[in-house]
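Student: With the input below, show me the fold.
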Amino acid sequence: MAITTTKDLVCTFVLDDGTNSSITIPDYNPEVADATIKTQLDAAVAANVLGSGGHAFTGLSAVKKVDTTTTEVTIE
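Tutor: Numbering: from 1, shown residues only. Coordinates of the predicted model:
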């Protein structure tokens with residue numbers, strides 16, 4: 001029986017048209033402080049280096065740390 005654990009950082013941004021868009025960062029480092037994550041994501045928004053569908057990110061809406069454990073079931 002195989003067990004796998006994944007850690008994803010799901011970042012949701014507000015676009016310039018008022019909608020939201022999310023980016024998932026797989027295998028994030030859990031030792032990075034929440035304040036550092038926010039500072040870096042805010043800097044990316046301010047630098048206008050991210051966007052989606054031709055729209056610029058204008059702000060950060062939410063950030064979630066998603067830890068998933070998957071256990072494979074053996075069937076014979």
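Student: quick one, helices of the protein?
Tutor: 34-46 (DSSP state H).
Student: mind listing what the most centrally placed residue in the chain touches?
Tutor: In the chain, the C-alpha nearest the mean C-alpha coordinate belongs to V10, at 2.2 Å (C-alpha atoms, centre = their mean). Going by C-beta atoms under 8 Å, 6 or more residues apart in numbering, V10 touches 22-25, 63-64, 66. C-beta: built from backbone N, CA, C; applies to glycine.
Student: just T74 next, same as before
Tutor: M1.
Student: Please enumerate the strands of this structure.
Tutor: 3-15, 20-26, 51-52, 55-71 (DSSP state E).
Student: weakest of the ones you listed in terms of mean pLDDT?
Tutor: Note on the strands of the chain: lowest mean pLDDT is at strand 51-52, with a mean of 87.
Student: Name the strands paired with that one and say parallel or antiparallel.
Tutor: Using DSSP bridges, strand 51-52 pairs in its sheet with strand 55-71 (antiparallel).
Student: centre of the chain versus the partner strand, how much separation?
Tutor: Remark: strand 55-71 is offset 3 Å from the chain centroid, using C-alpha atoms, centre = their mean, to the nearest Å.
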